[in-house]
Structure formats: structure tokens, C-alpha cells
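Undergrad: Below: sequence and its predicted model.
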Amino acid sequence: MTAGFEDKVALVTGAGRGLGFAIARALHEAGAIVALNDRTEQSCADAIARLGGGDRLIAAAADLATGDGPACAVALAGARGRLDILVNNAAVNVERPIEATDDAHWDLHLSVILRASFLTVQAALPMLKPGRGCVLNVASELGLHAIANNVAYVSAKHGLIAMTKAMAIELAPEGVRVNALCPGTMNTELMRDCANDSGDPDAYYAAFARYHPLGRLASPEEIAAFAVCLLSPAAAFMTGAAVAIDGGSTAGRL
Ligand SMILES: NC(=O)c1ccc[n+]([C@@H]2O[C@H](COP(=O)([O-])OP(=O)(O)OC[C@H]3O[C@@H](n4cnc5c(N)ncnc54)[C@H](O)[C@@H]3O)[C@@H](O)[C@H]2O)c1
């Protein structure tokens with residue numbers, strides 16, 4: 001799918017690896033100019049090199065957990081004078097039970113997932129509005145239901161979906177669409193980190209595969225393809241939606 005992306009400028013946060021990188025690659029292949037954000041200059045440069053470089057790729061390094069990080073990423077992405085697409089993908093996910101969730105843990109999850117997503121949209125609006133652009137907030141199936149021992153992440157992702165709806169309503173009169181994507185478990189580096197932390201990676205992966213009625217994890221590439229569809233003119237009548245692409249996990253249990 002390439003229609004509608006030529007000359008569009010897109011910012012993808014957390015694009016150094018995982019789903020963010022896959023979305024950046026898919027948008028780039030669809031013809032967009034893509035700004036890749038991640039925490040460090042090096043991770044942005046590495047990701048751009050993996051995409052082959054060229055003048056349709058922009059480094060937009062900034063730590064989104066810092067006060068001016070979100071505005072800085074938007075400024076770097078919009079340096080050519082336009083920004084049409086914003087994908088808020090960056091996240092952290094460290095599972096902890098309630099008693100072990102201290103202020104720093106809570107604040108990190110809320111600041112990267114929720115606060116930074118709000119601030120990037122706020123900073124991008126002067127460029128998104130004239131072009132009737134669109135925003136995709138990468139939430140999670142865990143924005144739609146909960147699991148134990150992950151209260152900070154689950155709370156932030158539920159908040160991100162609420163924010164998506166609030167922004168969609170406020171920005172609809174200006175033609176700016178805001179949607180949320182709710183993936184099930186993907187085979188990304190984040191998943192690998194969680195699996196390694198568990199002490200038994202094979203059992204961890206198998207449990208997650210069983211947890212999805214379709215019996216497997218998703219690839220970041222298949223989720224990225226769907227994200228591009230949501231950002232395309234094919235989804236022009238869609239705003240304020242939280243779309244699950246989760247192998248059936250939020251529909252029920254086998
Ligand atoms: N992996 C899964 O199974 C899964 C499932 C549902 C939803 N999600 C969501 O999908 C998105 C991508 O997940 P992933 O698995 O690719 O994660 P990942 O950890 O592999 O990648 C996240 C990226 O965000 C970056 N990032 C983190 N904090 C940042 C900050 N402060 N500033 C800038 N960049 C920062 C990281 O450096 C990394 O490159 C996240 O929003 C995640 O919550 C993932």
C-alpha cells in the first residue's frame with residue numbers, strides 16, 4: 001500500500017527497534033519521509049542505516065521521558081516545514097506487583113507512555129492541523145483489559161486509549177484523526193527482555209502463545225502493516241477507535 005504517503009512526513013517514536021522500527025520501515029517503503037525517534041543519536045543512526053539511509057529518513061533523537069524531549073523530537077521531525085503523521089510508539093514495560101511499584105517506576109511508565117504521547121501531539125498540532133494529519137497511539141491489548149503484576153503499564157495504556165478518544169473528539173472538526181492500535185504479544189526485543197527476566201524464556205513464550213486463541217505471537221511486521229493501513233486514506237472515516245489486533249485475546253478464552 002503506497003497510495004497517499006508520497007511526500008508525507010511521519011514521526012515514529014521509539015523507532016530504534018521492535019514495532020517502531022517496523023512501522024518506520026513500512027511507512028518508508030510506502031513512500032513517506034520518516035523521522036525516527038529513539039533515546040540516543042546512535043540508536044537513530046543505526047536504525048536509519050538499517051533502512052539504507054537517504055534523504056527520506058530523518059533522525060529525531062530525544063529522550064521522551066524528559067521535559068523537552070517530546071517537543072524536541074517533533075521539532076527535528078518537522079524541520080522541513082511539515083508533519084503529517086505522528087506515531088506514538090515508544091514505551092517501557094517492566095512488570096512489577098503493586099507493592100514493588102515505587103514512584104520512579106510509576107512515573108517512568110506514565111511519562112514515556114502517556115505524558116510524552118500527549119506532549120508530542122500538542123507540539124505537532126501546528127503542523128498536523130493544516131495538512132489534516134493523523135495520529136496513531138500504540139496502546140496494547142493491555143489498554144483494553146488487565147493482567148496482574150503490571151499495574152503501571154496497564155494503567156498507562158488504558159490512559160492512552162482514553163486520551164486517544166478525548167483528542168479524537170477535540171480534533172475531529174479540524175480533520176485530524178487520532179486512533180489507538182492495541183496489539184497482542186509480539187515477538188520483539190521488549191518481549192525477549194521480559195522472557196529473559198522471567199528466568200524460563202521458553203515457558204514464557206509458550207504461555208504467551210497459548211494465551212492468544214490463534215496460538216502464536218504476532219510479528220512486528222504484520223502489526224506494522226496494519227498500522228500503515230490505519231494511517232492511510234483507507235481509514236479516512238476512522239477516528240477515536242481503539243483497534244485490537246491481538247490473536248483473539250481480548251475476545252475471550254479457548
Ligand atoms: N512487544 C509486545 O508484545 C507488545 C504488545 C502490545 C503492545 N506493545 C507496544 O508496542 C510498542 C512497541 O513495543 P516493542 O515491543 O517494539 O518495544 P521495544 O522495547 O522493543 O521498543 C521500544 C522502543 O522505544 C524506545 N524508548 C523507550 N523509552 C524511550 C524514551 N524515553 N524516549 C525515546 N524512546 C524510548 C526504546 O529505546 C525502544 O527502541 C510499545 O508501545 C509497546 O507498549 C508491545
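TA: Here it is on my side, so go on. Numbers count the residues shown, from 1 in each chain.

Undergrad: Only C-alpha atoms from now on, for both contacts and neighbour counts.
TA: OK.

Undergrad: Return stretch 99-115 as CSV; C-alpha atoms alone will do.
TA: Output in CSV follows, covering the C-alpha atoms of stretch 99-115 (Å, rounded to 0.1, in the frame of the first residue of the first chain):
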residue,chain,number,x,y,z
GLU,A,99,3.9,-3.3,46.4
ALA,A,100,7.1,-3.0,44.3
THR,A,101,5.8,-0.2,42.1
ASP,A,102,7.6,2.8,43.6
ASP,A,103,7.3,6.4,42.5
ALA,A,104,10.1,6.2,40.0
HIS,A,105,8.7,3.1,38.3
TRP,A,106,5.2,4.6,38.1
ASP,A,107,6.5,7.9,36.8
LEU,A,108,8.7,6.3,34.1
HIS,A,109,5.8,4.3,32.7
LEU,A,110,3.3,7.2,32.8
SER,A,111,5.8,9.7,31.4
VAL,A,112,7.0,7.6,28.4
ILE,A,113,3.7,6.1,27.5
LEU,A,114,1.1,8.8,28.4
ARG,A,115,2.7,12.2,29.1
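
Undergrad: Need the residues that contact that stretch.
TA: Stretch 99-115 is contacted by residues 64-65, 90-93, 151-153, 156-157, 159-160 when judged by CA atoms under 8 Å, 6 or more residues apart in numbering.

Undergrad: residue contacts, the residue nearest to residue 205 when sequence neighbours are not counted?
TA: Once flanking residues are discounted, residue 205 sits nearest to residue 195: 6.9 Å by CA to CA, 6 or more residues apart in numbering. By CA under 8 Å, 6+ apart, the contact list for residue 195 reads 201-202, 204-205.

Undergrad: pLDDT score for residue 198?
TA: For residue 198, the model assigns a pLDDT of 87.
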